[in-house]
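Trainee: Here is my input; please provide its structure:
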Amino acid sequence: MKKWQKGAISFLSLLSATAVMAGCDAGKKNTGTSSNADADAVEISFSWWGNDDRHEATRNMINNFQEGNKNITVKGEPSGFGDLDQVFTTRYAGGTLADITTALYNWVPQFGQNDGFYDLGEISTLDLSTYDENFLAFGQVEGKQVAVPYGENTLIMYVNKSEYERNGIDISTLKTWDDYAEAAQKLPEGSFMLASPTWRFPVTIWLQQKTGMSEFDEKGNMNWTEQDYLDGMTWYKEMADARVFVSRKDYLENVGTEPVSLATNKKWLEGEYGGGIGWVAGISSDYEALKEIGDEMVVVDYPIAEGGTEVNLMSKPSLLFVVSKDTEHPEEVGTFLNEFLNGEEANKILGLSRGIPASSKAVEALTEDGQLTGFMKDAYDYAQEAVKINQTPFYEDGTLTTIYTSEMEAVELGRTDLETAAKNVYEQTKEQAAKLAKDYKLQ
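Mentor: Sure, this is the predicted structure:
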């Protein structure tokens, strides 16, 4: 594997200096957990999404927490990956959010304005001094710490090395996208080199490499032209036709419309999907699934687009946690959330079910316990060292995703041409981005 590109294009320097104050205040918090059996018993709720391994780990952590905190009952509210935006929006509007809710990055500025979430700086039982003070700024709105990011999330590439080798493909020879297209010719019919949950991910990285810019600037303005979108979509279509990427038709038939984990998918387990592009926080289950059947999954260098000079991967905060503005038990909520983020035993139980956390105490616990090793350590190191471009908070807005999905799907299924699709993506994205920039108070 070639030496990974180092450095990072920092978005954090553009953020408010209030992160420094938040870090200083957080260091004064009471980090102890309550175990007073005589205290009034309370029930708090915690909602999250994920697959079975994350659900099991979280339930086990909750059970362990309750053993040490007899006065606090935690009601778990797990769900799958589907309709996250719709479910959250409905519950937020109806005032039925759990006391602690797992959140996407874009929800924080959108719903955290005007005291939309509880100010975590007011909870004395929550210690955030274990976080980099600049990183905490991702969870700040209007000078308040309304969310805590679980960890940094970077989009990387990984492959089933065993399956590649069975088809005569040496991963050390895969340096460019043309190399992947040539190697795809060795695959049997119905097999693909890589699966991506959406065509938008590889196109975004490809254009970031070509232009040196993210899709939107820090104010939410568009950086790319209609020609840029056409170039990116044309490249992707060529790669899909060459079976570098799973075709949309095959993905719809075998995975579905939701960007779910491939861990239990037949095509992943049988090697017909030979690799993937995914967020570091969500790929451990794919690795474990292959490990169970004796295959080896490895991180590979992400190819740089022809004409590009940096790998320019996408980066964002991973899962964040917010507290309902209507919570009746903020200190007990803080006790649980503090244990979840910083607790040694809690993190040993949670493991890497949510990827690698950002809390220094959590990383220390996982390292000492031998969980942050092997594949996930490789993924973590690669993501830490790679050149990255951070995304605007609204990058994963549902409407934007729908624009991309519907247009490229129409191209792949023969209902429209690339020029028309690129024009539609550009115009509709520009209109939606302008709206979102105002909604998020970026302008």
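Trainee: what sits up against the longest helix seen in the chain?
Mentor: As assigned by DSSP state H, the longest helix anywhere in the chain is helix 418-439. Here helix 418-439 makes contact (C-beta atoms under 8 Å, 6 or more residues apart in numbering) with 110, 215-216, 219-222, 224-226, 229-230, 233-234, 237, 394, 397, 399-400, 403-404, 407-408, 410-411, 442-443. (Glycine included, C-beta is placed from N, CA and C.)
Trainee: go on, stretch 249-265?
Mentor: The list of residues contacting stretch 249-265 from outside it, by C-beta under 8 Å, 6+ apart, reads 51, 80-82, 190, 192, 195, 197-198, 266-268, 273, 276, 282, 285-286, 288-289, 409, 412-413.
Trainee: if I pick residue 99, what's in contact with it?
Mentor: Neighbours of residue 99 in contact, by C-beta under 8 Å, 6+ apart: 44-46, 323-324, 327, 329, 333.
Trainee: do the same with residue 85
Mentor: Residue 85 is in contact with 104, 398, counting by C-beta under 8 Å, 6+ apart.
Trainee: now residue 149
Mentor: Applying C-beta under 8 Å, 6+ apart to residue 149 gives the contacts 105, 131, 135-136, 138-139, 317-320, 358.
Trainee: What's the local residue count around residue 361?
Mentor: Neighbour count of residue 361, defined by other C-beta atoms under 10 Å: 19.
Trainee: ok, it touching residue 128?
Mentor: No - using C-beta atoms under 8 Å, residue 361 and residue 128 do not qualify as a contacting pair, with a distance of 11.1 Å.
Trainee: low-confidence ranges in this protein?
Mentor: Scanning the chain for pLDDT under 70 picks out the ranges 1-39, 259.
Trainee: how's it carved up into domains?
Mentor: Domain assignment of the chain by automatic domain parsing yields the ranges 14-151+318-381, 153-313+397-439.
Trainee: what about the first one, distance to the chain center?
Mentor: Using C-alpha atoms, centre = their mean, to the nearest Å, the distance from the centre of domain 14-151+318-381 to the centre of the chain it belongs to is 15 Å.
Trainee: Work out for me the element residue 334 sits within.
Mentor: When secondary structure is defined using DSSP states H and E, the element that contains residue 334 is helix 330-342.
Trainee: repeat for residue 157
Mentor: Short version: residue 157 belongs to strand 152-160, going by DSSP H and E.
Trainee: Moving along the chain from that strand, name the first helix or strand you hit.
Mentor: Moving on from strand 152-160 towards the C-terminus, the next helix or strand you reach (DSSP H and E) is helix 161-166.
Trainee: Quick one: residues contacting the residue nearest the centre of the chain.
Mentor: Per C-alpha atoms, centre = their mean, the C-alpha nearest to the average position across the chain is that of residue 318, at 4.5 Å. Applying C-beta under 8 Å, 6+ apart, one finds that residue 318 lies in contact with 149-153, 279-281, 354-355.
Trainee: try 7 Å
Mentor: Neighbouring residues of residue 318 by C-beta atoms under 7 Å, 6 or more residues apart in numbering: 149-153, 279, 281, 355.
Trainee: Just the buried residues of the longest helix of the chain, please?
Mentor: Judged by neighbour count (16 or more other C-beta atoms under 10 Å), helix 418-439 contains these buried residues: 418, 421-422, 424-426, 428-429, 432-433, 436-437.
Trainee: what does stretch 73-82 give?
Mentor: Within stretch 73-82, the residues that qualify as buried are 74, 77-78, counting by 16+ other C-beta under 10 Å.
Trainee: can you put those residues in a markdown table and add secondary structure?
Mentor: Supplementary listing: the buried residues of stretch 73-82 in a markdown table, determined by DSSP: H, G, I helix; E, B strand; the rest coil:
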| residue | secondary structure |
| --- | --- |
| 74 | strand |
| 77 | strand |
| 78 | strand |
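Trainee: Tell me which stretches of this structure form strands.
Mentor: 42-49, 72-79, 100-103, 140-141, 144-145, 148-149, 152-160, 275-279, 297-300, 313-317, 320-323, 388-390 (DSSP state E).
Trainee: For residue 377, find the nearest of those.
Mentor: When the strands of the chain are ranked by proximity to residue 377, the top entry is strand 297-300, at 10.0 Å, counting by C-beta to C-beta.
Trainee: re earlier: let's have the buried residues of stretch 73-82 in a markdown table, adding distance to residue 374.
Mentor: Conversion of the buried residues of stretch 73-82 to a markdown table gives the following (distance: C-beta to C-beta, whole Å):
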| residue | distance to residue 374 |
| --- | --- |
| 74 | 31 |
| 77 | 32 |
| 78 | 27 |
